[in-house]
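A.B. asks: A predicted structure for the sequence below; I have some questions about it.
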Amino acid sequence: MSSYKLYYFNVRGTAESVRIIFAQAGVKYDDIRLEREQWAKEYKSGTPFERMPVLEVESTKIAGSINILRYLGLKFGMAGKDELADAVLGGASDFMSDILAKLIQWYGAKDEAKEKLAKEFKETTGPAMLGVLQKNVRDGHIVGSETLSWADIQCYFLLDNLAQYFGINVADYPELKKLYDNVAAQPNIKKWLETRPESDH
């Protein structure tokens, strides 16, 4: 039995960056995928904030996809070289979460509002925010680490979703493209991406 249990729905969603860091580390974990009815009836009330993903480490439950990702980055040696460097990664992480929030807002919208949000992101908000993010990437990594970090994996996850849902062309941002390709080319991650369960989101 693994000492790590990851709880999420049977989709990639916000847990996918956590699955990617487990793949890169080569660490075994229980990838527990719940149907929504099962989650609501059997698990929801027992989680810290009644939402997933949740990572159970021994008997402790940790909530929040980015919080989990950062915890594992520190645990698996994929973080800044010291607390200050990791705080720099954390600043980029917060900014990436702001970008992802735009996607989540779009995902929950309907009809004309959804179209309006997509248009705004593609034409103005997206290019502006991705341009700022790109300034915080150097040599294929988020500034704060010269090797693969949890923030790099968060950035890969973000860019992958923006390409899928908004049609963002990552190649329009050369530094971000270098980071994206670098993460995807890691042998363990490449294997996971090729063999992970099929999902439309």
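C.D. replies: Received, thanks.

A.B. asks: what segments of the protein are strands?
C.D. replies: Under the criterion DSSP state E, the chain contains strands at 4-9, 30-34, 54-57, 60-63, 137-138, 141-142.

A.B. asks: return the most buried member of the ones you listed.
C.D. replies: strand 141-142 (a mean of 24; mean count of other C-beta atoms under 10 Å). Bear in mind the C-beta positions are built from the backbone N, C-alpha and C, glycine included.

A.B. asks: what comes into contact with that strand?
C.D. replies: Applying C-beta atoms under 8 Å, 6 or more residues apart in numbering, the contact partners of strand 141-142 are Leu89, Ala92, Asn136, Thr147, Leu148, Ser149, Ala151, Asp152, Cys155, Leu179, Asn182.

A.B. asks: among the strands of the chain, which is nearest Glu198?
C.D. replies: Nearest to Glu198, of all the strands of the chain, is strand 30-34, at 12.4 Å by C-beta to C-beta.

A.B. asks: quick one, longest helix in this structure?
C.D. replies: Longest among the helix segments of the chain by residue count, using DSSP state H, is helix 83-108.

A.B. asks: packing partners of that one?
C.D. replies: Helices and strands touching helix 83-108, by 3 or more C-beta pairs under 8 Å, 6 or more residues apart in numbering; DSSP states H and E, are helix 65-75, helix 111-120, helix 126-134, helix 150-166.

A.B. asks: pretty sure Leu34 sits against Lys5.
C.D. replies: No. The pair Leu34 / Lys5 is not scored as a contact, 11.6 Å apart, by C-beta atoms under 8 Å.

A.B. asks: of the contacts of strand 141-142, which is the most crowded?
C.D. replies: Most neighbours among the contacts of strand 141-142, by other C-beta atoms under 10 Å: Ala151, with 31 neighbours.

A.B. asks: that residue touches Val143, doesn't it?
C.D. replies: No. In this structure Ala151 lies outside contact range of Val143 using C-beta under 8 Å: 9.1 Å.

A.B. asks: coming back round to it: mind putting the helices and strands packed on helix 83-108 in CSV, distance to Phe49 and mean pLDDT included?
C.D. replies: Converted to CSV, the helices and strands packed on helix 83-108 look like this (distance: least, C-beta to C-beta, whole Å; pLDDT from 0 to 100):
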stretch, distance to Phe49, mean pLDDT
helix 65-75, 11, 98
helix 111-120, 26, 94
helix 126-134, 27, 98
helix 150-166, 20, 97
